[in-house]
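Trainee: fold the following and give me the result.
(chains A, B and C)
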Amino acid sequence: MALPISLRDSITPPELELIASEELVEIVPLISMERTAFISGAYGPLRPPNKARIPLWMAINLKMKKKCHIVPPDWLSVADFLQERLTQETTQPEFSQFPFRFTEIAKLLLDTAPDDIPNSDKIRSLLKDIREARQAKSRDGLQKIDHSELSLPNLCSMEINEIRPFFVRAMGVLTQLTRDPVADSRQFGV
Amino acid sequence: MDDDYYSIDSILSENQKIQCTFKVDIPDMGHLDGGHERDIKAQSRVQLPLWLAFILIYSDYADFTIPPPFNSRVRNALNAEAKSVKLSALVGAGGFWYGFGKMIMRLLDDEPANEMSGLLTKSFRNRLVEVIDQAQHFAALGPAGGGGQSGDAALAFREGLEVTERELFLLAQESAKRTKQWYESTDRLRR
Amino acid sequence: MAGAPSPFAVALGPIELDFGALPESLFQQLMRHWLNERHAPDILPVQAEVLGALLDHIRRQTDSVQALRGDPDSSEAEHARIMLVQTEVERVKFVVRSYIRTRLYKAQKFSRYIAATPKVQEKLSQTELDHAKRFSQLTENHFRVSVLQALPPHQQGLDDNTPFTPPMISEPDKSRAVFVHARGECPPVRLPDGTTMQMKKGQIVLTPYAVVEQLLEMGNVELI
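Mentor: Model (predicted):
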């Protein structure tokens, strides 16, 4: 078959990583480079020590060769911010707002540039606690599932991917168990 | 439970038998009852697989009774505490309780069909979170895990899952494992 | 947006949920269509223009890398630049391949449906359509040779429609649920429970594919 089973109607965590790596991040370059046309846009020039914004994959690539420092986004560099988010996450019923691909981006940066992130261990453990608090909430979402619609505000990309297989299947089962949804389905839409 | 011609699950769930009462005499079909009569007589009761019962009931040759997995005792138990009912015991190991119920639903008139739909969806939703919780619990234990604090009640619940619920259990477990693996991976192959 | 405002007024930048904040680059467009294709139960209209333009771009980038490489005086910085350009080309090629493979998988899975439904054929490229048609022929020949020719003629059909039995030609299951993100304000759509839903920009819902099929075609939403 043209596609392995795991890829047939979902997406894998490494693929999500690839997508997240297109987002822009700030760096302090350690080499010079002329402004260059890439497929996703023109980046540069790199002139140390001036900051520049480039895609995350490019930053990681240079970082691995010790040719730049990565400036982590604010939400990943201020432990107080995450601490406060964790409190919010554990005391409020709704998901607090994070960048859609924050899980992938945080992991990529913590894996490849921990020396550029102040208090990286503290940040790592806060992220883990936040993740667990949010997991408990998607469980609440499961309780509300029906055959029609489930709103999931502020759910993030990696979280969606983890719950996708059984949320999709559960909604499918409920569709089957509800009377005649197929006949109705022709009238859906705009 | 999917409506696909080539779905093995769909074919298997039509093998469930229901009790039919013939309304008319059917000559030369006595062997269906496994008995020695030559004909099927009106008013005789025969256990028939769903795939055969459908067309007979639809054509008004036979009537049927609600099968035991959906009788009032089961309904009451499900309404009282859905998680305490062993669905697998009602339809046999590898059985399709929801799929079976859906087929029965299609044979019923509006009002009883709506009731059946209500029973099925309510039971499904009341059990779903526990199915997923347990699946994720097992995924978190990892390969060396097992046992843990999974008590007798949890074990009994798992044993009572019917096929569709087992499928959901596996989906949740696999997905949790895949995600955990990603979180824990530190190999950076990119250069 | 939900969530109480934070007393630590830290801006969520520079990395943000940039859905549609800037005009999409060609590559971003392809990634969106790739994800849509992955998640949709149905085969979606082929993105021939985006794909063609990107393939051209890949060719141009590869040519300039070749030219730069031929220069013996290139500096260390020049090497880094070449390496980055090549890395990006590989990333784009990965997505292109994955997009094509996803479509090919669907073209095979629904080959008999595609071969029998002219309306659906418009959504495929010529090569995809040829592939689907040939694949459906091969499948049908195989069924005939291995089983059907041994059966009585009236049981040899491959497109029967019998009551209480699903049709023999499998169609995409449009009732399958998808995770949907609204790229902008959406017109109202009808839900299976009879109510209406009007998605606001940024909203995320799980709902059957049939509900958002047209919104997806118009580009109001994307599958995530």
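
Trainee: how about the contacts made by residue 163?
Mentor: Since no chain was named, I'll use chain A. A:138, A:141, A:142, B:175 (C-beta atoms under 8 Å, 6 or more residues apart in numbering or on different chains). For every residue, glycine as well, the C-beta is placed using N, CA and C.

Trainee: wrong one, I was asking about chain C
Mentor: B:54, B:55, B:58.

Trainee: out of those residues, which are buried?
Mentor: residue B:54 (16 or more other C-beta atoms under 10 Å in any protein chain shown).

Trainee: which of the contacts of residue C:163 fall within helices?
Mentor: B:54, B:55, B:58 (DSSP state H).

Trainee: can the residues you listed go into CSV with extra columns for pLDDT and distance to chain A?
Mentor: What follows is the ones in helices among the contacts of residue C:163, written out as CSV (pLDDT from 0 to 100; distance: C-beta to the nearest C-beta, whole Å):
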residue, pLDDT, distance to chain A
B:54, 89, 17
B:55, 88, 20
B:58, 88, 16
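
Trainee: so which of these is the closest to residue C:85?
Mentor: For those, the minimum distance to residue C:85 (C-beta to C-beta) is 63.4 Å, reached by residue B:54.

Trainee: who are the contact partners of the closest residue to that closest one other than its chain neighbours?
Mentor: Counting by C-beta to C-beta, 6 or more residues apart in numbering or on different chains, the nearest residue to residue B:54 once its immediate chain neighbours are dropped is residue C:164, at 4.4 Å. Counting by C-beta under 8 Å, 6+ apart, residue C:164 touches B:51, B:54, B:55, B:58.

Trainee: element containing residue C:164, please.
Mentor: Counting by DSSP states H and E, residue C:164 is held by no secondary-structure element, helix or strand.

Trainee: so which bits of chain A are right by chain B?
Mentor: Within chain A, the positions near chain B by C-beta under 8 Å from any C-beta of the partner chain are A:6, A:12-14, A:57, A:60-61, A:64, A:107, A:111-112, A:139, A:142-143, A:145-147, A:158, A:161-166, A:169-170, A:172-174, A:176-179, A:182.

Trainee: show me the helices in the chain, by range?
Mentor: Picked chain A for this. Shown for chain A, the helices assigned by DSSP H span residues A:13-20, A:56-64, A:74-77, A:79-91, A:102-112, A:120-143, A:157-177, A:181-185.

Trainee: chain C was what I was after
Mentor: Using DSSP H, helices in chain C cover C:26-39, C:48-69, C:76-109, C:111-116, C:118-121, C:126-146, C:209-218.

Trainee: pull out the buried positions in the shortest one.
Mentor: It stands for helix C:118-121. Under the neighbour-count criterion of 16+ other C-beta under 10 Å, helix C:118-121 has residue C:120 buried.

Trainee: that helix close to chain A?
Mentor: No: judged by C-beta under 8 Å from any C-beta, helix C:118-121 and chain A are separated, with a smallest distance of 14.5 Å.

Trainee: what residues does chain C have near chain B?
Mentor: Counting by C-beta under 8 Å from any C-beta, chain C comes close to chain B at C:163, C:164, C:165, C:166, C:167, C:168, C:169, C:170, C:173.

Trainee: any weak-confidence spans in chain C?
Mentor: Applying pLDDT under 70 to chain C picks out residues C:1-22.

Trainee: so it: which segments form each domain?
Mentor: In terms of domains, chain C is parsed into C:26-171, C:173-224 (source: automatic domain parsing).

Trainee: which stretch among those domains comes nearest residue A:74?
Mentor: Comparing the domains of chain C by C-beta to C-beta, domain C:173-224 comes nearest, at 20.5 Å.

Trainee: how long is the closest one end to end?
Mentor: Taking C-alpha to C-alpha, to the nearest Å, domain C:173-224 runs 18 Å from one end to the other.

Trainee: from the chain's centre, how far out does it sit?
Mentor: Mean C-alpha position of domain C:173-224 versus that of the full chain (C-alpha atoms, centre = their mean, to the nearest Å) differs by 16 Å.

Trainee: what do you get for stretch C:39-49?
Mentor: Chain-centre distance of stretch C:39-49: 4 Å, with C-alpha atoms, centre = their mean.
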